[in-house]
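*Asks:* Give the three-dimensional model of this entry:
(chains A and B)
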Amino acid sequence: MSMVQNFPFFSIILAMFSGIASSVLDGKRAKHLSLCVIAVTTGMSAAVLRFCMKTGESYTYMMGHFPAPWGNEIRAGALEGLTATLFGLVMFFSVVGGMEHTAADVEGSKQNLFYIMIDLMLSSLLALIYTNDLFTAYVFVEINTIAGCGLIMIRQKGRSLSAAIRYMIMSQLGSGLFLIGLSLLYDVTGHLLMTPAKEAVAVIEAAGLYAVPMLVIMAVVSVGLAIKSGLYPFHYWIPDTYGYATPTASAILSGLVSKGYIFLLIKIFYRVLGRENVIASEIVNVLFVFGLAGMLMGSVHAILEKDTRRMIAYSSVAQIGYIYTGIGLGTQAGMVAAVFHMFTHSATKALLFISAVGLYEVSGDRKDFRSLRGAGYRNPLAGIGFTVGSLSMVGFPMLSGFISKLLFATSALQSPHKMLPTVIALAISTILNAVYFLRLVITLYSIPETSRGQAASPGKSNWKLQLSVVCFILLNLTLGLYSQPIVEWIGSGLAMFD
Amino acid sequence: MDTPLFVNMEETVSIILFGIGFTMLMLHRNLIKKILGMNIMDTAVYLFLAVKGYINGRMVPIVTNQIQDASAYINPVPSGLVLTGIVVSVSTTALMLALTIRLYERYGSLDLDEILMRAKEEERT
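*Replies:* Residues are numbered from 1 along each chain as shown, chains lettered A, B, ... in the order given. I've put the predicted structure just below:
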């Protein structure tokens, strides 16, 4: 066994223990530890990706040397490695970019608590990506929820407390459904490990048994994870949550947390329930319809919103809609598009949140977008970052958003019944995206009316934020320009799922 | 009395309880009752798991009197899952109660609608 095969387990446990160690460290040390751990785990995930691409197959990793039907397992393949690497990068730059604001938003004595939450969040995201066991997935879903709630409520200003309780309630509804789904699945198959559970599901389906319970399981698991990732009709907690948390937390929650649940859902579809069964059960069609609704309604809400960060949050609702539309197409190409859009959205949304904060800094911390008039001149780099992020969301060529839109459109062509609605919704949603994002970009670069007495402080140079904006722009360009190999990796990673 | 709903009475009860808890968590306005609902929902799942793991006439899965034969004991996995689940639900309950205390101190109410309204008003001023 090669050393690299241990890395998924090492990265999960390293992140978890650093969280525990941070509880006795002061804020500064906890911050450094957290950054180190994120960097190290990202490197490890990249090594796992490289290893899996070289050997061309995935592997399972036994925990505690108990063989398959009893023990707990970790599984790593190309897609897991790629997702973990990208999540690690986004998390690192989000933490770096929002560092100054974290220091200002969080009380001095509680600084280390924030980084404990970051460590636990990283650990739970990695575990959700790597785990091969359903109950482990449930436990880490809950750890993720608790860490997410901590990240929201640690900023004690504004509406963050009421946002946290809303987030918690919706998350608990989702995890309750997910848990009962798992219990039913365990009841029907007798397994919690994904590999034997899939075999059992295949036997049950072939014998034509338990048709109704299997349908209920699929529905309950999908709806549970859809609630947690904020699919359209369950989205109402999103704007408050992303709008009032500290910038790092907003970037991580919108960019990574919801994607973790979607990744888990895709993994369960492929590795437990069987993709053919899920398609046959028409659950995907339900996800498809709500995905389309989310694409349109999220953008409409965003247009009506005055507060910039809430506007970006509503845009997340639309993007989650895109991802579920891709899953709902039910084809391999649709799934690739969904996974690619997951990456696009995490890189772009984190860029938007971080650069939006850079723009508030120079606009007297006012949030309505009119006060951002001319902010693009006062903080040029954040302005460029925001423009790049907006163009990527709208689907400008060279940027990652363009590639995901292209993938969605081409994959829609392969499924005759869903082609027309997808393409129409894609077109309308692109126009709506352009309306609110370009309105903001134009505001950023319009000359401020001096008579209004703008608080045009030329801003202290916050190099960490600038650095993270540059890195996010590069990440976006990489996803856009080198999309071909990434799409191939996603394809081979999904092939390893079967 | 032979309908499946009566034969599997424990499962039926646990699913009904799950529904009650879920609805309470989703629709009740009072935060404490929401948390109660959450606990009912989680406990219903544990009841379901425990019932599914129990086999009539067998022992607790702890080796006693040197009996090594697995067929003498009930299925230990659901019991383990229930224990893990209890730990998880205790921590989420604690977190939600702590949040509720914070919200009550700040807005002087346990009614979620009222809290949200006051939070909006506070932001406007």
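*Asks:* Determine how far stretch A:200-218 lies from the middle of the whole chain.
*Replies:* 30 Å (Cα atoms, centre = their mean, to the nearest Å).
*Asks:* quick one: terminal-to-terminal distance for it?
*Replies:* Taking Cα to Cα, to the nearest Å, stretch A:200-218 runs 15 Å from one end to the other.
*Asks:* Stretch A:417-427: which residues count as buried?
*Replies:* By neighbour count on 16 or more other Cβ atoms under 10 Å in any protein chain shown, the buried set for stretch A:417-427 is A:418, A:422, A:425-426. C-betas here are computed from N, CA, C, even on glycine.
*Asks:* remind me which residues of the chain are low pLDDT?
*Replies:* Answering for chain A, as no chain was given. Chain A contains residues with pLDDT under 70 at A:365-367, A:369, A:448-461.
*Asks:* my bad, chain B
*Replies:* For chain B, the ranges with pLDDT under 70 are B:1.
*Asks:* So which bits of it are right by chain A?
*Replies:* B:18, B:21-22, B:25-26, B:31, B:34, B:38, B:41-42, B:44-45, B:48-49, B:52, B:77-78, B:81, B:84-85, B:88, B:91-92, B:95-96, B:99-100, B:102-103, B:106-107, B:112, B:115-116, B:119-120, B:122-123 (Cβ under 8 Å from any Cβ of the partner chain).
*Asks:* at 7 Å instead, please
*Replies:* B:18, B:22, B:25-26, B:34, B:38, B:41-42, B:45, B:48-49, B:52, B:81, B:84, B:88, B:91-92, B:95-96, B:99, B:102-103, B:106, B:115-116, B:119, B:123 (Cβ under 7 Å from any Cβ of the partner chain).
*Asks:* Name the nearest residue to residue A:335, ignoring sequence neighbours.
*Replies:* residue A:494 (6.0 Å; Cβ to Cβ, 6 or more residues apart in numbering or on different chains).
*Asks:* Check the secondary structure at the one you found for me.
*Replies:* helix (DSSP: H, G, I helix; E, B strand; the rest coil).
*Asks:* count of residues packed around it?
*Replies:* By other Cβ atoms under 10 Å in any protein chain shown, the residues close to residue A:494 number 19.
*Asks:* gap between stretch A:240-248 and the chain center?
*Replies:* So, by Cα atoms, centre = their mean, the centroid of stretch A:240-248 is 15 Å from its chain's centroid.
*Asks:* Need the residues that contact it.
*Replies:* Residues outside stretch A:240-248 that contact it (Cβ atoms under 7 Å, 6 or more residues apart in numbering or on different chains): A:94-95, A:98, A:101-102, A:105-106, A:151-152, A:155, A:158-160, A:163, A:166-167, A:250, A:253-254, A:307, A:309-310, A:313, A:316, A:353-354, A:357.
*Asks:* Likewise for stretch A:140-156?
*Replies:* With Cβ under 7 Å, 6+ apart, stretch A:140-156 has contacts from A:105-106, A:110, A:113-114, A:117, A:120-121, A:124-125, A:127-128, A:131, A:160-161, A:163-164, A:167-168, A:171, A:175, A:178, A:241, A:245-246, A:249, A:252-253, A:257, A:260, B:88, B:91-92, B:95, B:99.
*Asks:* what residues are up against residue A:202?
*Replies:* residue A:274.
*Asks:* Perfect, that will be all.
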